[in-house]
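Novice: With the input below, show me the fold.
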Amino acid sequence: MHIFWENIWKFPKFLISVFLGFFLTAAYPFFQLSKKRKTLYILLCILTLLLVFLVITLKEMLGYS
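Specialist: As a prediction, this is how the structure comes out:
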């Protein structure tokens, strides 16, 4: 039974490392693109527009003015 609880306590660390690894692997191409100043500005503009779009969409969905 001790081994069971030990494995249960290890699971959150495993889950966090899997999610972190997934997001870092998915974001790696963007890190490579951001090495050039011109593409960095384009990426920042796109991310800003996506964030603004998300905020506006959530405000409208939730009924905030």
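
Novice: mind giving me the domain ranges of this structure?
Specialist: 1-31, 34-65 (automatic domain parsing).

Novice: distance between the shortest one and the chain's centre?
Specialist: In other words, domain 1-31. Averaged C-alpha coordinates place domain 1-31 at 14 Å from its chain's average position (CA atoms, centre = their mean, to the nearest Å).

Novice: picking up where we left off before, could I get the domains of the chain in CSV, plus columns for mean neighbour count and mean pLDDT?
Specialist: Yep, even glycine has a C-beta here, placed from its N, CA and C like the rest. Below are these laid out as CSV (neighbours: other CB atoms under 10 Å; pLDDT from 0 to 100):
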stretch, mean neighbour count, mean pLDDT
domain 1-31, 9, 90
domain 34-65, 10, 92
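
Novice: quick one: contacts for residue 33?
Specialist: Contact analysis of residue 33 by CB atoms under 8 Å, 6 or more residues apart in numbering lists 39, 40, 43.

Novice: Is the most centrally placed residue in the chain in a helix, a strand, or coil?
Specialist: With distances taken as CA atoms, centre = their mean, residue 23 lies nearest the centre of the chain, 5.7 Å away. The three-state label given to residue 23 by DSSP: H, G, I helix; E, B strand; the rest coil is helix.

Novice: and if you look at residue 51?
Specialist: Taking three-state DSSP as the rule, one finds residue 51 in the helix state.

Novice: dump the residue contacts of it.
Specialist: No contacts exist for residue 51 under CB under 8 Å, 6+ apart.

Novice: For residue 21, see how far away it is.
Specialist: 24 Å (CB to CB, to the nearest Å).

Novice: what's the answer for residue 49, then?
Specialist: 28 Å.

Novice: And for residue 9?
Specialist: Counting by CB to CB, the gap from residue 9 to residue 21 is 20 Å.

Novice: what's the answer for residue 37, then?
Specialist: 29 Å.

Novice: Residue 14 now?
Specialist: 11 Å.

Novice: what do you get for residue 55?
Specialist: Residue 55 is 28 Å from residue 21, by CB to CB.

Novice: And residue 61, by the same measure?
Specialist: Note on residue 61: its distance to residue 21, by CB to CB, is 31 Å.

Novice: Lovely, talk soon.
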